[in-house]
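[1] dropping a prediction and its sequence here:
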Amino acid sequence: MLKELVEKSRSKRTFVSGEAIPEELLLDWIDTARKCPAARNLQPLKYKIISTPKECAQLQPLTFWAGSLTIKLPPEDKEPTAFIVICHDRSVAAEAPIFMVDVGIVAQTIMLRAAEDGFGGCIIGSAKAEKVSEALGLDDQLVPKLILALGRPDETVILTDAKDGDVNYYRDENNVHYAPKRKLEDIIIK
Ligand SMILES: Cc1cc2nc3c(=O)[nH]c(=O)nc-3n(C[C@H](O)[C@H](O)[C@H](O)COP(=O)(O)O)c2cc1C
């Protein structure tokens, strides 16, 4: 059920070391994303798959994780084993804010497909975009917009109701991560 899949698909920031994601799965997730709605149906998004240990080691330091926590995530020996870098291709359409909606739609679609297949990860918006382009050797028409860090998750994340509007995520002494969400009654406009 989609409801359960969305609940299961939490941001994961610790992964089983060295467990690669088969290339055909990554391609299959992107194949689902390409069928998503797209503003004016222009589809300017392109996808760079990073899946070798060498490429992952190059990209990982250019990403920033869980800024609100004081611990280092992912732990050094439990890093993502693949990344999908969602790029805007300027040769298809000029960049415009509306295309970031496309980016969000495809990002969540891929994360849900990953969760469905027993994988998972984290959407990463904080990254050194220019350095990412350089590290990946991207054509200058391709602008990285969002990075999906992926792997076999190796941590527990629990969805909770936000108390008194506090939406800060946190971890307990067992490193269990809690993701508070605003309650339904607090987001319905009356
Ligand atoms: C557009 C977007 C950008 C994000 N960027 C980052 C990021 O740079 N680093 C990070 O650790 N998490 C990032 N996240 C993950 C959020 O922190 C996470 O979704 C939030 O804490 C709620 O947890 P949940 O995904 O389990 O619901 C991002 C999420 C979204 C949707």
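    Thanks, I have it. Numbers count the residues shown, from 1 in each chain.
[2] please identify the buried residues of the one helix or strand Ala115 maps to?
    Using DSSP states H and E, Ala115 sits in helix 98-116. Neighbour-count burial for helix 98-116, counted by 16 or more other CB atoms under 10 Å, picks out 99, 102-103, 105-115. The way it works is simple: take the backbone N, C-alpha and C, and place the C-beta from them, glycine included.
[3] what does that helix rub up against?
    Outside helix 98-116, the residues within contact range by CB atoms under 8 Å, 6 or more residues apart in numbering are 2, 5-6, 8-9, 28-30, 32-34, 36-39, 42-45, 84, 86, 88, 93, 120-121, 123, 145-146, 148, 150.
[4] of those residues, list those near the ligand.
    Subset of the contacts of helix 98-116 in contact with the ligand: Ile123, counting by CB under 6 Å from any ligand atom.
[5] among the contacts of helix 98-116, which lie within helices?
    2, 5-6, 8, 28-30, 32-33 (DSSP state H).
[6] for PyMOL, write the selection for the buried entries among these.
    Here is the PyMOL command that selects the buried residues among these (16+ other CB under 10 Å):
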select buried, resi 29+30+33
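[7] among the ones in helices among the contacts of helix 98-116, which two are most distant?
    The most widely separated members of the ones in helices among the contacts of helix 98-116, counting by CB to CB, are Lys8 and Ile30 (20.5 Å).
[8] what about stretch 152-168, how long is it end to end?
    End-to-end distance for stretch 152-168, by CA to CA, to the nearest Å: 25 Å.
[9] contacts for it next, please.
    For stretch 152-168, contacts defined as CB under 8 Å, 6+ apart pick out 7, 10-16, 19, 21, 68, 78, 81, 118-121, 175-183, 186.
[10] other SSEs contacting the longest strand along the chain?
    If you go by DSSP state E, the chain has its longest strand at strand 142-151. Packing contacts for strand 142-151, counted by 3 or more CB pairs under 8 Å, 6 or more residues apart in numbering; DSSP states H and E, involve strand 45-50, strand 82-89, helix 98-116, strand 120-124, helix 129-136.
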